Every structure is written in C-alpha cells, then in structure tokens.
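In: give the three-dimensional model of this entry:
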Amino acid sequence: MTQPPESSTAPPGPAPAVPAPPAPPLRPTVPTPAGASPQPRRTAFAEGADRLRAAAMTEPGRLRIIGAVLALLVVAFGSVTAWQMTDRAAAADDVLTSSQPLSSDAADIYRSLADANTAAASGYLAGRQEKPETRKRYEDDVRTAAAKLVTAAASSDPGSESARTIEQLSELLPEYKGLVETARANNRQGYPVGGAYLRAANEQMQHEMLPKAERLYQRENQRLRSDYADAKEFPWAAIGLGVVALGALAWAQHRNYRRTNRVLNHGLVTASAASVVVLLWLVVGHVVARSGLNDSYDHGVRSLDVLHDARIASLTARSDENLALIRRGADTRDLGGGKTADAYAWGYDEQIGKLGAALTAAAGLADDSAGRKPVADAGSYMKAWKDRHGVAQGLSDKGEYQQARDKVIGVGKDPTSVCFDSVDAALKTALDHEQAEFQQAAGDGRDALTGLPVGAAVLAVLGAAGAVTGIGRRLSEYR
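Out: A predicted model of the protein is given here:
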C-alpha cells in the first residue's frame, strides 16, 4: 500500500545552520630585522601639536589661541616692566642713600686724616704755646676719622678690598696717634727729637694712610658710578615687549572688525588701554628719572669730587707749609740736573697749583650763584695765602726763623693760617651746597620711578583679563 505524501502544512523543522564565511587569511608575521629598533611611540608634545593644529582649523579654536597669546604677551610685558623697573628703582635708591653717602664718607676719612696731620704740625710748630683750638681740631679730626671708618666697615662687603683697606687704616690710626703724642711730649720739654717723631708720623700719614684712604675713596666712587649706570640703563626689553603686545592687540581688533563689522571689542580695548598706560608710564617715568640722575651727577657728584680734591690739596699744602719750617731744609727733593729743593717747600707749591686747578674746575661746574660764590671766595683767599706764604718763605730763606713762624702760625699781622682757614671754610660751604643739590636731583630721579613696578604688574593683570574677556565674548557667539 502506497504511503500518502507528507502534508505541506507540517511544521518545519529547525533551519539548517548557515556556514560562517571563511576567516581571512592571517597576515604572515614579518620578523624585525636584526639591529632595527621598533617604531617609537609618539610624544605628548607631538600629540598636543596635532590637537592644536586641528583646533586651529576652526574659528573657535583660532579664537582660543589668539586669546591665550594676547594674555601671555600682556602679562609678559607687565612682568618684564615690573622686574626692570624694580632693579632701576633699587639702583637709584642706592645712589641716594648708600653709594653716594659712602663715597662722601670715604672723602671725609681722607680729609679728616689730612686735617689731623695739618693740625698736628701746626701744634708742634707753636711749641709750648700750642693753641687749644689747634689741639681740639686735631682731636676732632681723629675722632671723625675713627667714626667714619666704623661706618664704612659696617657698609662694606666682608672680605672685599674696601673692607681690608678699612681694617688696615683702623690699625694704623692708633700708631699715628702714638707718634704724634710722643712728638708733642718731647716738644713741650724742648727735646729736638720731637721733630723726628713728627716726621715719622707725617711719613706714615703721607705714604701709608692717605694713599689707602685715597684708594678707598676711588673704589667707593667706582661703586657709585656702577649704581648710576644700573639706574640709568634703558629698559629696552620691556619697551620691546610693550610694542609687540600693542601690535598684537591692534591686529586682533582689526581681525575682529573684518569678521563682524563691530568697531570696538570692550575687552580688547581695555587690554589696549592698560598696555598703552604702562608703556607711556614706563617711557616717561624712566626719561624723567634718567634726567634727574644725570643732573645729580653733572651738578652734584662731579662738583663734589672736584671740591673734595680742592680741600685735600689745601690741607696738604698747609701741612707742607708747616713742615717746611719744622724741618728747616733737612729734607730735600732732587729736581734733576744737580738741582735740589726743600721737599716741603716744593710740595707746598705743587699742592697750591692743584688747588688752583681744582677751583677753576669747580667754578666751571657750579650752575648757580650760590655755588659759584664760595668757590670764588676760596680763590681770593688762596691768592692772599700765596702772597703771604711768599713773605714767610723769604724770611725763612734769610734765616729769620722766628719771624717766618709767626707769619705762618698766626702770631703777628696777616698770618697764612687765616687764609688757610678761610679757604677751608669756603670750600666747606661749597661742598654743603653741592651736596644739597645732589640730594634734590637724585631724589627727584628716584621718585619718578615710585609706584611704576607695582602699577605695571596691576595693569598687566587687568589687560590680560580684558583680552581674555574680549575673546570670550566672541566665543560665546558659537555656542
């Protein structure tokens, strides 16, 4: 019997499995050749550069980059301005309160030592009738020199050449005082050996102490000139950065105008205004400060230097004048050609010549009548001094020692001591005037820089914030 065919409505069985596509053939592994290094991984910097390039392809990305660059330029401008002006303000303050006063103290050390030597010779020349004022002048000079040495030691750098010189002078001063006191004691008893002690004291002063004091003065003057150079150096780095920052801000605003037709961007305008104020303040402030410092040097420091030289020459001339009478030709100077001259009489002529040259230079540097008058007075007293010294020298040459001594130390009519005292007083007046001129001009120069470092930093922060805000307003239009 034949089986009936299967009904077409029978439920289907499970679908046959579809075979998976064949897997792709594996790529053969290529071995790394011997000696070849594996491919290096990319650095974070390279990946950052790629992201920066990708961002620069869109306007928001470009705006972010522009904002960052503008803020960086403005901050850099303010920072460099604050740094350079802080250095210059500190140097200007050093000129006024440190290096110039120290230079003046060094000159006072020299002057006090030279004047003490002159007073010691004058006291010895008077014999047992030494005037109390002469003795007091000597003691005041020694105390002044000792006090100024202490001040200079406290202000000098430990181990420096100046510190060593000050230490040596501090050691020599008591030795000098001992020689002078020994000379005075012998002179009061009428012992001629006192003249030998005074000569030893004078040689120690002239050949050891005064040269050291002069070197100290020269080093302090060099330090003063260095501070002047630091204070007056033009801030080219700050000015250059300011110009670059303003140029970048102008370009950014012009770009903004071309793309949006908006004339002003408040943030960028604020940044530009802050940068302009800092740049103008920087240039004007430094020019005014430089002018004041130049004036303080030309009409203060230079005049003080010349007047110090004049005063030292006057003191040395007076010392030589006294010693010429004390030594009475015992010390000679070879003039060449078989000619000799009294060493101290020759020294007096040399120092009077230096005094005249210094007074001529000081008159040329004085810039007002208050400065010129004491210099002119000193010149008149110097001429009278030379005339009276000529009379005294003539008496000494003729062997009239007592009359020559009276003509020099103040006994009798028209002594040279009056002329010397008048020259010294006139020079002190001129020095006081020029010191006041220096302080006024240097103070004006320093004050012109007051507030500039802090002001530049504050305005730079304001400018950077303005630049970021201005760019941020543009970025908000893309959100």
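In: how about A378: what's its closest non-neighbour residue?
Out: A426 (3.9 Å; CB to CB, 6 or more residues apart in numbering). Heads up, the C-betas are built off the backbone N, CA and C, glycines and all.
In: for the host helix or strand of that neighbour, packing partners?
Out: Counting by DSSP states H and E, the element that carries A426 is helix 416-447. In terms of contacts (3 or more CB pairs under 8 Å, 6 or more residues apart in numbering; DSSP states H and E), helix 416-447 is packed against helix 59-94, helix 100-125, helix 266-296, helix 302-327, helix 369-397, helix 401-409.
In: possible to save those helices as JSON lines with mean neighbour count?
Out: As requested, the helices and strands packed on helix 416-447 are exported to JSON lines (neighbours: other CB atoms under 10 Å):
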{"stretch": "helix 59-94", "mean neighbour count": "20"}
{"stretch": "helix 100-125", "mean neighbour count": "25"}
{"stretch": "helix 266-296", "mean neighbour count": "20"}
{"stretch": "helix 302-327", "mean neighbour count": "25"}
{"stretch": "helix 369-397", "mean neighbour count": "18"}
{"stretch": "helix 401-409", "mean neighbour count": "19"}
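In: L179 is nearest to which of those?
Out: helix 100-125 (9.1 Å; CB to CB).
In: can you give me the mean pLDDT across the closest one?
Out: Looking at helix 100-125 alone, the average pLDDT works out to 88.
In: which residues does stretch 132-145 contact?
Out: By CB atoms under 8 Å, 6 or more residues apart in numbering, the list of residues contacting stretch 132-145 from outside reads 108-109, 112-113, 115-116, 119-120, 122-123, 126, 173, 177, 180.
In: what about 10 Å?
Out: Taking contacts as CB atoms under 10 Å, 6 or more residues apart in numbering, the residues outside stretch 132-145 that touch it are 108-126, 130-131, 169-170, 173-174, 176-177, 180, 184, 209, 213, 315, 409-410, 417, 421.
In: for it, what is the distance to the chain centroid?
Out: Averaging C-alpha positions (CA atoms, centre = their mean, to the nearest Å) puts stretch 132-145 33 Å from its chain's average.
In: can you point out the buried residues in it?
Out: With burial defined by 16 or more other CB atoms under 10 Å, the residues of stretch 132-145 counted as buried are T134, R135, R137, Y138, D141, V142, T144, A145.
In: likewise for stretch 428-440?
Out: The neighbour-count check on stretch 428-440 (16+ other CB under 10 Å) flags T429, A430, L431, H433, E434, Q435, E437, F438, Q439 as buried.
In: circling back to that earlier point, separation between the residue nearest to A378 and W385?
Out: Summarising the geometry, the distance separating A426 from W385, computed by CB to CB, to the nearest Å, is 12 Å.
In: what do you get for L125?
Out: Distance from L125 to W385, by CB to CB: 16 Å.
In: any regions of the stretch 101-250 of the chain where pLDDT drops low?
Out: Per-residue confidence of the stretch 101-250 of the chain (counting by pLDDT under 70) places the weak regions at 128.
In: which residue ranges of it form helices?
Out: Residue ranges of the helices in the stretch 101-250 of the chain, as given by DSSP state H, counting those that start in this stretch, are 132-155, 161-188, 193-204, 210-232, 236-260.
In: so which elements touch the third one?
Out: To tie it back to what came earlier, the one meant is helix 193-204. For helix 193-204, the helices and strands in contact under the criterion 3 or more CB pairs under 10 Å, 6 or more residues apart in numbering; DSSP states H and E are helix 100-125, helix 161-188, helix 302-327.
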